[in-house]
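*Asks:* Pasting the sequence and the predicted coordinates here, then a few questions.
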Amino acid sequence: MVDLAYVIAGSEATGGAGLQADLKTFQQLGVYGVGTTTCIVSFDPKNNWSHRFFPVPAEVVAEQIEAATAAHDLDVVKVGMLGTPATIETVAAGLGASSWRHVVLDPVLICKGQEPGAALDTDNALRSQILPHATVVTPNLFEAQTLSGMEAITSVDDLVEAARRIHDLGPQYVVAKGGVELDGDDAVDVLFDGSEVTLLTAPKVGNERVSGAGCTLAAAITAEIAKGAAVADAVATAKDFVTAGIQGRVSANTPFDTVWQGA
């Protein structure tokens with residue numbers, strides 16, 4: 001019996017993040033991946049590798065969800081970049097039409113390449129329509145600060161407080177990621193399950209963010225849950241998987257490196 005995992009996310013044209021990273025992660029961890037594309041992000045090499053953003057029409061997103069959920073008995077899904085309020089509304093309806101054992105939300109709040117007003121609308125829609133479906137949410141430092149309403153997160157204690165506040169919004173598990181953003185020699189992430197705080201630490205690999213790390217972490221959690229792991233065990237495995245991927249990072253002609261899921 002093959003374990004299945006589903007992802008609803010954006011395509012990233014250089015292959016380093018988004019749906020491409022998610023499906024590579026699923027495959028590497030022995031899970032059959034099914035994917036729905038919500039938007040297409042193409043970095044612009046002629047303009048300092050800035051983001052070019054194209055949303056897939058909402059009705060096409062809905063058709064993909066319909067086909068994927070009809071073809072396969074899916075009960076674990078990762079939700080990544082959605083991009084527009086129309087897409088968020090469509091995905092929320094799709095999530096509501098099925099019963100999910102776990103919904104893992106990587107809350108990509110600010111869609112780079114959008115105007116600030118559109119980005120705010122997207123943030124609000126994600127918070128009101130997708131977050132209530134999530135059982136596991138994996139915010140980075142910026143997203144944790146935004147979702148928690150805190151003015152700043154500058155320490156592990158702050159990160160724990162942010163995780164507690166985000167848990168109050170509804171998800172059963174919060175994985176708040178400190179990454180390389182917090183001071184210290186270790187990359188520290190916080191898992192909060194409503195009662196217990198678990199710190200996941202690994203020595204930092206350089207001090208620059210690596211593209212695809214957040215996508216890969218959430219996808220690895222999803223894959224491990226799909227195989228039957230408890231959430232805490234899935235998060236621990238995902239942390240090790242991403243750390244190895246950062247150590248084995250892929251360099252390109254971009255100003256950033258990317259995670260290598262095969263490391």
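*Replies:* Nice, thanks for sending it over. Numbers count the residues shown, from 1 in each chain.

*Asks:* only C-alpha atoms for contact and neighbour calcs from this point on.
*Replies:* Noted.

*Asks:* Who does the helix or strand harbouring Thr38 pair with, and is each partner parallel or antiparallel?
*Replies:* For Thr38, the element it lies in under DSSP states H and E is strand 32-44. With DSSP bridges as the test, strand 32-44 is paired with strand 4-12 (parallel), strand 50-55 (antiparallel).

*Asks:* for the record, mean pLDDT for it?
*Replies:* Strand 32-44 shows a mean pLDDT of 96.

*Asks:* Over to stretch 125-143?
*Replies:* 95.

*Asks:* before we move on, back to that, most neighbours per residue, which of the strands paired with strand 32-44?
*Replies:* Per-stretch averages of neighbours, counted by mean count of other CA atoms under 10 Å, single out strand 4-12 among the strands paired with strand 32-44, with a mean of 25.

*Asks:* on that earlier part again, chain center to the strand holding Thr38: distance?
*Replies:* How far strand 32-44 lies from its chain's middle: 13 Å, per CA atoms, centre = their mean, to the nearest Å.

*Asks:* returning to what we had before: and Gly194, which of the strands paired with strand 32-44 is closest to it?
*Replies:* strand 4-12 (25.2 Å; CA to CA).

*Asks:* what's the angle from the very next helix or strand once past the closest one to strand 32-44?
*Replies:* Sequence-wise, the next helix or strand downstream of strand 4-12 (DSSP H and E) is helix 18-28. Computed by axes from the mean of the first three to the mean of the last three CA atoms, to 10 degrees, the angle separating helix 18-28 from strand 32-44 equals 150 degrees.

*Asks:* quick one: the strands in the stretch 151-263 of the chain?
*Replies:* Secondary structure of the stretch 151-263 of the chain by DSSP state E, counting those that start in this stretch: the strands cover 173-177, 186-192, 197-203.

*Asks:* Now for Lys78, how many residues are close by?
*Replies:* Lys78: 26 surrounding residues under other CA atoms under 10 Å.

*Asks:* Same question for it, what's its three-state structure.
*Replies:* strand (DSSP: H, G, I helix; E, B strand; the rest coil).

*Asks:* Bridged to it, which residues?
*Replies:* Val7, Val104.

*Asks:* Report pLDDT for it.
*Replies:* Reported pLDDT for Lys78: 98.

*Asks:* List the contacts of it.
*Replies:* Going by CA atoms under 8 Å, 6 or more residues apart in numbering, Lys78 touches Ala5, Tyr6, Val7, Ile8, Val103, Val104, Leu105, Asp106, Ala218, Ala219, Thr222.

*Asks:* I'd guessed the last one sits against Val104; true?
*Replies:* Yes. Counting by CA atoms under 8 Å, Thr222 sits close enough to Val104 to count as a contact (6.5 Å).
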